[in-house]
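Student: Sequence first, predicted coordinates after that:
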Amino acid sequence: MPNLEAPDPQVESREFAAVAERERGMAAIIPRAKATQPKRTQDQTALIVRLRRAAAGIRPSIYNLAEEEAAHGRAMLFAPVYIGVGALFWFSAGADPPPQAVFTALLIFAAAFFLRQEAGRVLRHLLFAGLLVFSGMALAQCETWRASTVMLDSAVTTTITGRIERREADDKGRWRYVVALESTEKPAIRRPPAQVTIFVRKQLQPFELGDRIQGRARLTPPAGPALPGLNDFAFSAYFDGTGANGFAYGAPTLLSPAGDVSQGSVLDKADIWLARLRSSIGDRIRMLLPGDTGAFAASLVTDERRAISDDTTEALRTSGLAHIIAISGLNMALSAGIFYVGLRYALSLFFGVAQAWPTKKIAAFGALITVTAYYLISGFGVSAERAFIMMAIMLVAVLFDRPSLSLRNVALSAIVILILSPSEALGPSFQMSYAATLALVSGYSLWTRRPHRESVLSRFRLVRPLLFVSRFFGGILSTSFIGGASTAIFSIEHFHRLATYGLIANLAAMPVVSFVVMPFGMAATMLMPFGVDAPFWQITGAGLDAVIVIAKTVAAWGGNIPFGRLPVWLFPTVIAGFLLMTLLKTWLRHAGALLIIGSIAVVALSPGVPKPDLMISEDGTLVALLRNGALTTNREKPPDFIFEQWQRALAITEQQPPTMLPPDSQLPKISKSDKHRRLSSDEQTAVRKAMDAALDKAGQGGFACQKGAWCVAMLANGDMLVTIEDAACLAPACDTANIVVTPVRLRLDRCRSGAQLFTGATLRRTGSIEMNLSAEKPVITAAFENLTRSWSLHRAYDWRTGTFGAPIAPVSPVSDSGE
């Protein structure tokens, strides 16, 4: 790579000449000013001169520090940062940036960077940054074209036929299958996805990989953000190739069993063989170690985490030990390190081999084979991919006698992942894993540069074991602290909580993981083909039981601090400060610490992010009001998937259920057979009167509901809100309320009375809704402002017309009286 920081001698000389000229001018002015001006003015003039001299001295100091950073090759470390920024810009844009403009800008910056070799250091670095930013945008565009996942446009119950590609058991005994969809019928989906995931309950014998199945299933599109600005699950599903999720009605029928893997390409054969191997390993572990212990052990080998119970998973998250179940740098480093140290020690026992052969490189090559096999059976998760690439680079560096643990290796692995999957830059797994790795490697670099002082106690043999133990636990303490501190902002931003007792939990659990779980688990996996792995798995299970006990004990202490949504500017500002702290080597890195401290101080002294007064889920089934520090809902038991995200994002745990009204004989009886029928004028009048009367029975800011029909609530600004489950109640609801919400997909998008109407059809296009009612006019924020991105385009598709953006036809007859 060319030197990006080469100074320009002419520019440098002009700068210093200008500074010297200003100083000479000031020296001539000051004596005259002292003679003609009052003393106070003279003091002010002297202060201004001193400040100008200090400012003039800052620039050369920064210049010298930048030169020193360039001499250390720090520009290379910012390469993945620039690529990631370009990918983030592209994915976060409201619409697809024109590909012609992106690729043209990329060519212009590339030409300018490689042709303008004589440019100054600042211009060269700007050209370098622009080249990589537009490269990140181009990579994001290419990945989107490459994925081209067809997403299901709306929920449907249909008969599916397909082939099992993946399978995984969960803690409730259900099987989750990834099915390559071949056909659908009754009804036939006009725009079917290529791959779906379905859950099958009460299945004694699971399907094998490669089996062709057929069954009735309920399919739904991947969920969007629970609230505007939260995680869009459809985004990750698009790049994973999953077009729909759902569940089967009963066990599907086996059409044909899995055959051999003689058909298909070499890659397809290898993929099927690895999937079967991974599944068989997981089944073997869970057979030997039942319950959470076996599920925990299987997750460490195959990355199948769904079989771990919700209680144990939550305990691991609350205690700060959830990183153990993810195949990340910890697992890869332990497996590679155990094999590397063990093989090198074994070879050193033979004096002739140790003298004649490079045992260090042999051990590194064996460790490289080990981590490669580990990665192949781990399921290719992003954390495993990142850890494998970085460990492979480190081990290859050992083979070529290069420094193995360096920030350059971390940067190279990040560049590889961003080239292959730039969409991962938006995911918490990528961000948290690299944040922890950067912080640890940077901290290790600072530690190795410290002045080394030998302890006096190390001279005594009896004290040496105690020093070793203290250093071991000190290493765990420091790495846990650095890792936890570096990922804190990501945990708050993505998960809206922070585990405060993670340091204690890691201090207690990591010795068990390092000395019991990973060594014996690795030995058990290697001995599994010979059928003598059971004793080693039992020891591994005992270690994992201890880890689970530690996690549940620490989780019982509490310490899980909830955080609401942060200001939009805080997260990128803290990340910028963190990158300066970890990637720079000179005193310039302290500017990153000042940036982080200043940002946190501004947030601490300023009012928090305003919370919405009204929230509506994207399907219209759940509505909540924020009143008196509690979420009042229109459902007694709101769906956990959506409601828990609302609670975390708003940092509110209390829920106020609705007041359920007794059945009213005056109200019309509507059965399932005549649902959505037209109500007569008398029936509409009865419903309107019942809604008005229900407001008096609702709690303070709460809902009053007629089960299976409607709910009413009074908003903070005095408006009335009505949610209806039956389209027959639409006319009286519009006549009564200011805001009407229904999950039914109507052909209407507004009430004739002027009331605001949210239907299943409109919410499908806008996604979840939040409203701020404190202003003179309600402020409505939607999850989607437009539907032009590839992962949200399916929301605008009309399966009746086969077009995008066409008016949505009614799902069922709707009364037009009063509308």
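Tutor: It's in.

Student: ok, which stretches of the stretch 201-350 of the chain are helices?
Tutor: Assigned by DSSP state H, counting those that start in this stretch, the stretch 201-350 of the chain shows helices spanning 233-240, 266-288, 291-302, 310-318, 329-348.

Student: mind checking how far the first one is from the chain centre?
Tutor: Translated: helix 233-240. In terms of CA atoms, centre = their mean, to the nearest Å, the centre of helix 233-240 is found 11 Å from the chain centre.

Student: Can you say which of the helices of the stretch 201-350 of the chain is nearest to Val687?
Tutor: helix 233-240 (36.5 Å; CB to CB). Quick note: C-beta positions are derived from backbone N, CA and C, even for glycine.

Student: picking up where we left off before, may I see the helices of the stretch 201-350 of the chain organised as a markdown table, with distance to Thr685 added?
Tutor: What follows is these, written out as a markdown table (distance: least, CB to CB, whole Å):
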| stretch | distance to Thr685 |
| --- | --- |
| helix 233-240 | 43 |
| helix 266-288 | 61 |
| helix 291-302 | 58 |
| helix 310-318 | 48 |
| helix 329-348 | 67 |
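
Student: highest average neighbour count across those?
Tutor: The highest average neighbour count among those, using mean count of other CB atoms under 10 Å, belongs to helix 291-302 at a mean of 24.

Student: could you check the angle helix 310-318 makes with it?
Tutor: Going by axes from the mean of the first three to the mean of the last three CA atoms, to 10 degrees, helix 291-302 is angled at 60 degrees with respect to helix 310-318.

Student: which element follows the longest strand along the chain toward the C-terminus?
Tutor: Once the chain is assigned using DSSP state E, the strand that runs over the most residues is strand 156-169. In the C-terminal direction, the helix or strand that comes right after strand 156-169 (DSSP states H and E) is strand 175-185.

Student: Can you point out the buried residues in that next one?
Tutor: Of all the residues in strand 175-185, those buried under the rule 16 or more other CB atoms under 10 Å are 175-179, 181, 184.

Student: Kindly provide the distance from the nearest residue to Leu787 once chain neighbours are set aside to Leu746.
Tutor: The spatially closest residue to Leu787, leaving aside those adjacent along the chain, is Ala796, at 4.2 Å (CB to CB, 6 or more residues apart in numbering). Here the distance between Ala796 and Leu746 works out to 17 Å (CB to CB, to the nearest Å).

Student: Ok, Asp232 next?
Tutor: 25 Å.

Student: residue contacts, Gln141?
Tutor: Taking CB atoms under 8 Å, 6 or more residues apart in numbering, we find Gln141 in contact with 90, 96-97, 99, 102.

Student: My guess is the residue nearest to Leu787 contacts Arg765. True?
Tutor: Yes: taking contacts as CB atoms under 8 Å, Ala796 lies within contact range of Arg765: 6.5 Å.

Student: Now for those two: what residues contact both?
Tutor: Common contact partners of Ala796 and Arg765 (CB under 8 Å, 6+ apart): Leu787.

Student: And the strands in the stretch 651-800 of the chain?
Tutor: If DSSP state E, counting those that start in this stretch is used as the criterion, the strands of the stretch 651-800 of the chain fall at 655-656, 659-660, 703-706, 710-714, 720-724, 739-741, 756-758, 769-772, 779-782, 797-798.

Student: Strand partners (parallel or antiparallel) of the fifth one?
Tutor: Strand 720-724 pairs in its sheet with strand 710-714 (antiparallel), strand 739-741 (parallel), by DSSP bridges.

Student: and what of the last one?
Tutor: Neighbouring strands of strand 797-798 in its sheet, by DSSP bridges, are strand 803-804 (antiparallel).

Student: again with the third one
Tutor: The sheet places strand 703-706 alongside strand 659-660 (parallel), strand 710-714 (antiparallel), with pairing taken from DSSP bridges.

Student: among those strands, which is nearest Gly246?
Tutor: Of the strands paired with strand 703-706, nearest to Gly246 by CB to CB is strand 710-714, at 27.7 Å.

Student: circling back to that earlier point, how far away is the residue nearest to Leu787 from Val532?
Tutor: From Ala796 across to Val532, the span is 58 Å (CB to CB).

Student: same question, Ile415
Tutor: Taken as CB to CB, the spacing of Ile415 relative to Val532 amounts to 42 Å.

Student: Who has more neighbours out of these two?
Tutor: Comparing Ile415 with Val532 by other CB atoms under 10 Å, the one with more neighbours is Ile415, at 17 against 10.

Student: tell me the pLDDT at the more buried one?
Tutor: In this prediction, Ile415 carries a pLDDT score of 93.

Student: ok, now Asp170?
Tutor: Per-residue pLDDT puts Asp170 at 84.

Student: which non-adjacent residue is nearest it?
Tutor: For Asp170, ignoring the flanking residues on the chain, the nearest one in space by CB to CB, 6+ apart is Arg306 at 4.0 Å.

Student: neighbours around that neighbour, how many?
Tutor: Residue neighbour count, defined by other CB under 10 Å, stands at 16 for Arg306.

Student: who touches it in this structure?
Tutor: For Arg306, the contacting residues are 168-171, 176, by CB under 8 Å, 6+ apart.

Student: May I have the phi/psi pair for it?
Tutor: Note on Arg306: backbone dihedrals following degrees, to the nearest 10 are phi -70, psi -20.

Student: now swap in Val398 and tell me
Tutor: Reported as degrees, to the nearest 10, the phi and psi values for Val398 are phi -60, psi -40.

Student: In a markdown table, list the helices of the stretch 201-350 of the chain along with mean pLDDT and distance to Phe113.
Tutor: Compiled in a markdown table, the helices of the stretch 201-350 of the chain are given as follows (pLDDT from 0 to 100; distance: least, CB to CB, whole Å):
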| stretch | mean pLDDT | distance to Phe113 |
| --- | --- | --- |
| helix 233-240 | 93 | 30 |
| helix 266-288 | 83 | 36 |
| helix 291-302 | 89 | 44 |
| helix 310-318 | 89 | 44 |
| helix 329-348 | 82 | 33 |
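
Student: So for Ala508, which of the ones you listed sits nearest?
Tutor: Ranking these by their distance to Ala508 (criterion: CB to CB) puts helix 310-318 first, at 13.2 Å.

Student: now that closest one: how far from the chain's centre is it?
Tutor: Going by CA atoms, centre = their mean, the spacing between the C-alpha centre of helix 310-318 and its chain's C-alpha centre is 18 Å.

Student: same for it, what does it pack against?
Tutor: With contacts defined as 3 or more CB pairs under 8 Å, 6 or more residues apart in numbering; DSSP states H and E, the packing partners of helix 310-318 are helix 534-556.
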